[in-house]
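**Student:** Just a sequence and a predicted model for now, questions to come.
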Amino acid sequence: MEKTKPIRILHVLNSLNRGGAETMLMNYYRKIDRRRFQFDFVVHDPHPGDYAAEVSQLGGHIYYVPKFKGYNVFACIQAWQRIFREAQNDRIVQGHMPSTAGLYLLLARLNGRLTIVHAHSDDRANEDSLGRRMARRILYALARRIAQRFYGCSKRAGEARYGKKIVESEAFSLWRNAIDYKRFAFRREVRDSLRSKLGLSAGTFVIGHVGRFTWAKNHEFLLNLFTEFHKNHPDSRLLLVGDGELRSKLEQQMQDLHIRESVIMTGAVDNVEDYMTIMDVFVFPSHYEGLPTVNIEAQVNGLRCIVSTGVPEEVCIASGQVAFLPLTDKSRWLSELEKSMVIGRTSSTMALQNRDYDIVQAVKWAESEYQRLYRGYNLGE
């Protein structure tokens, strides 16, 4: 009897580095039944990403397409047509790159693929120029007309990308930024060991953040906030997990604020959960977000989270564990930090009881969804 081939899904990303969308997809990819479902990836970054080796090990294929810049439209079309010829078994195309989705989803439909768009952020607060924002709106509108299925990490992200009409329709579903709960549970022995390795005493208050060094994450605000807090608490430390294009600029800001020796920068790491164990509070002052997975991870780890109002309220999975604050009132942020020193670390029991973001349950939903779409659109024919 001939072995049944897995349903292959072609995911379109900018790269395979440790970004929010990439990490979310890898969480699903590791747990999904790869005898029945396989992920392949199209990226715009020609350099091998952080996850490239793991993707190949798991059986996925990686294709490269140059980033669309207008003048290279014919080169992009040729690259996509080549991929559709090579990836004959990839019957579903799931786009995570909204800016060019109008182009590649159109080509996907012309090549008989089911087209999906996936919203990961509410970028309405982006500081792009008026021209760029208008162009983005036009491209989003094209994707809305071409796509056959819509997903979003939150309703806010979906409404920003597709509008309320689509979000309230049957064509839209929430796609949870799910995590491995067991991996992010707090472990005292890891905290003690890593703190000792970093030269941190048991009483040192550590303010933590995880995220790429980009404008959206608002590290500039975080550094100014820590500077004020550190004046009253000189034994405190700021722990930054991540890397990105603004690293040198932020390092200069630390020097100017005279806090460089009190800031720990880990770079991009594989063991984020270990660094969360040595934090005492998680601070996330983003300008905008879709639904940041790191805040789910932090709550499961038992951390109190202080986040901006740019973060959707759905991120709160444990009652009372997340404080939402406006970026216009720094005094309230300082007050919440002081409060966190008194409250301390909370039990992760409440977060663990909320299974909406448990990767085991979420993968079962994704498998059912892919199977339903595959049959519903007769993609096997």
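**Tutor:** All right, it came through fine.

**Student:** Now do the contacts for Tyr140.
**Tutor:** Pro98, Ala101, Arg161, Tyr162 (Cβ atoms under 8 Å, 6 or more residues apart in numbering). (C-beta placed from N, C-alpha, C; glycine too.)

**Student:** Doesn't it belong to a strand?
**Tutor:** No: judged by DSSP: H, G, I helix; E, B strand; the rest coil, Tyr140 forms no part of a strand; its state is helix.

**Student:** how deep is the closest residue to Arg191 other than its chain neighbours tucked in, by neighbour count?
**Tutor:** Setting aside the residues directly before and after it, Arg191 is nearest to Thr277 in space (Cβ to Cβ, 6 or more residues apart in numbering), at 4.2 Å. Neighbours of Thr277 under the rule other Cβ atoms under 10 Å: 24.

**Student:** Tell me the pLDDT of Thr277.
**Tutor:** Thr277 carries a pLDDT value of 96.

**Student:** Wait, it touches Glu189, no?
**Tutor:** No: between Thr277 and Glu189 there is no contact under Cβ atoms under 8 Å: 9.1 Å.

**Student:** Can I get the contacts of Tyr140 in CSV including distance to Leu327?
**Tutor:** Listed next are those as CSV, based on distance: Cβ to Cβ, whole Å:
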residue, distance to Leu327
Pro98, 25
Ala101, 30
Arg161, 23
Tyr162, 26
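
**Student:** which one among these gets closest to Phe205?
**Tutor:** The shortest gap between Phe205 and any of those belongs to Arg161, at 38.5 Å (Cβ to Cβ).

**Student:** quick one on the thing from earlier: just the ones of the contacts of Tyr140 in strands?
**Tutor:** Here DSSP state E is the test, and these give no hits in strands at all.

**Student:** Among these, the buried ones, what's the ChimeraX command?
**Tutor:** The buried residues among these can be selected in ChimeraX (16 or more other Cβ atoms under 10 Å) with this line:
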select :98,101,161,162
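
**Student:** which residues in the stretch 151-300 of the chain form helices?
**Tutor:** 155-162, 164-167, 181-184, 188-197, 219-232, 247-257, 272-277, 293-300 (DSSP state H, counting those that start in this stretch).

**Student:** Which strands border the next helix or strand after the last one, and is each parallel or antiparallel?
**Tutor:** In the C-terminal direction, the helix or strand that comes right after helix 293-300 (DSSP states H and E) is strand 305-308. Paired with strand 305-308 in the same sheet, following DSSP bridges, are strand 281-284 (parallel), strand 322-325 (parallel).

**Student:** Please identify the deepest-packed of those.
**Tutor:** Comparing those by mean neighbour count (mean count of other Cβ atoms under 10 Å), strand 281-284 ranks first with a mean of 24.

**Student:** Strands of the chain, residue ranges please.
**Tutor:** 7-12, 37-43, 62-64, 90-95, 114-119, 149-152, 172-174, 206-210, 237-241, 263-267, 281-284, 305-308, 322-325.

**Student:** who does Gln94 bridge with?
**Tutor:** With DSSP bridges as the rule, Gln94 is bridged to His11, Ile116.

**Student:** measure it to Trp333 for me?
**Tutor:** 37 Å (Cβ to Cβ, to the nearest Å).

**Student:** Also Leu225?
**Tutor:** 5 Å.

**Student:** Please enumerate the shared neighbours of those two.
**Tutor:** Joint contacts of Leu225 and Trp333 (Cβ under 8 Å, 6+ apart) are Val283, Pro285.

**Student:** Ser169: how many residues sit nearby?
**Tutor:** 11.
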